[in-house]
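Novice: When you get a sec, could you give me coordinates for this:
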Amino acid sequence: MTSRRNFIKHSGVFIGALAVDPMTIFKINMLIGIQLYSLRDQIGKDVDAVLAKIAAAGYGDVETYGYANGKFFGFDPKAFKGLLRKNHLTSTSGHYSINKFLLSNGPDDEVKELIDVVKAVGQQYLTISSFNLEQAKTRDDFKRVAARFNKAGEICKKSGVQLAYHNHDREFKQVDGTSVYDVLLTDTDPSLLKLELDLFWAVRGSQDPVAMFRKHPGRFPLWHVKDMNKSQPTKNTEIGSGSIDYKKIFANAKVAGMKHFYMEQENFDMDPYESIAKSAKYIKETLVK
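Specialist: So this is what the prediction gives:
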């Protein structure tokens, strides 16, 4: 039988837990992710060794890229998942392309085949890395693409997969008083298309990420976290060493609806593995502690 003293003791713990800042609970369970494109010059040479070094650097989640001819870096999806498991890694998202589907009213099969890949790897998100904006130049073009994103999202949803879209800076270019990104935000169903906000490219596109979160709360469950070199803004640097205010951005993670994030760095001024370890250390000690 539970004594009155123990009941009060355990009740106090429970009440104390309820009083904890929700962001603290949110942070405790957050895996640090990395977009594998960061190590594009290394991973093709020895996939297993690179994944081991990623885990050793402090990452638990990877976002894939480069799926082609049925394989990731020479491994079919099932074998690649085995390598992830061997190195105590998971993959919640992958970057893929559906250009024909989006721009040429291509067949549903292009999406369905990628859904099979996503599920084989154990990913939750089928994230479109980009599409050919040269074929979408007007407001009407943007709206047609948004409609195709909705359709792709419906196909994904039926299979238990979430569609997402990753930006560069060009999506923010104004055309006829709007932009591709504006139209994606207003003309797609939030349940069918989630947005992976690349924070570096958003800033390069003259956007304020926190203002975006507040205007469209919950639309950004995925982030790309990469910092901007202070002296060369076109280049990346280690997280916490650049000009982007990541403390402010992470303080607004709940507003954004962020569930997963992936550090990405496209160029290095030091050994790549030292660099990604430095970024992971800053993220863990400063942003998600």
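
Novice: So G33 is in contact with V62, correct?
Specialist: Yes - here G33 lies in contact with V62, judged by C-beta atoms under 8 Å, at a distance of 6.5 Å. C-beta coordinates here come from the backbone N, C-alpha and C atoms, glycine included.

Novice: Now for these two: what residues contact both?
Specialist: When contacts are counted by C-beta atoms under 8 Å, 6 or more residues apart in numbering, the set common to G33 and V62 consists of Y262.

Novice: any idea which helix is longest in the protein?
Specialist: Using DSSP state H to assign secondary structure, the helix with the most residues in the chain is helix 139-158.

Novice: Could you check it and say which residues are buried?
Specialist: Applying a neighbour-count criterion of 16 or more other C-beta atoms under 10 Å, one finds 139, 141-142, 144-146, 148-153, 155-156 buried in helix 139-158.

Novice: Tell me how many other residues crowd K119.
Specialist: A count of nearby residues for K119, using other C-beta atoms under 10 Å, gives 15.

Novice: who's in contact with it?
Specialist: Under the criterion of C-beta under 8 Å, 6+ apart, the neighbours of K119 are 159-161.

Novice: In CSV, list these along with pLDDT, neighbour count and distance to W201.
Specialist: Below are the contacts of K119 laid out as CSV (pLDDT from 0 to 100; neighbours: other C-beta atoms under 10 Å; distance: C-beta to C-beta, whole Å):
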residue, pLDDT, neighbour count, distance to W201
S159, 98, 13, 29
G160, 98, 10, 29
V161, 98, 20, 24
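
Novice: What pLDDT is listed against the residue nearest to Y125 when sequence neighbours are not counted?
Specialist: Spatially, and ignoring its direct neighbours in sequence, Y125 is nearest to S93 (3.9 Å; C-beta to C-beta, 6 or more residues apart in numbering). Reading off the per-residue confidence, S93 sits at a pLDDT of 98.

Novice: thinking again about what came up before, ok, of the contacts of K119, which one's closest to K81?
Specialist: For those, the minimum distance to K81 (C-beta to C-beta) is 15.2 Å, reached by V161.

Novice: residues contacting that closest one?
Specialist: Taking C-beta under 8 Å, 6+ apart, one finds 115, 118-119, 123-126 in contact with V161.

Novice: repeat that with 10 Å
Specialist: Applying C-beta atoms under 10 Å, 6 or more residues apart in numbering, we find V161 in contact with 111, 114-116, 118-119, 123-126, 153, 155.

Novice: what about the nearest residue to V117 once chain neighbours are set aside, how many neighbours?
Specialist: With sequence-adjacent residues excluded and distances taken as C-beta to C-beta, 6+ apart, V117 is closest to P77, at 5.1 Å. Other residues within reach of P77 by the criterion other C-beta under 10 Å amount to 21.
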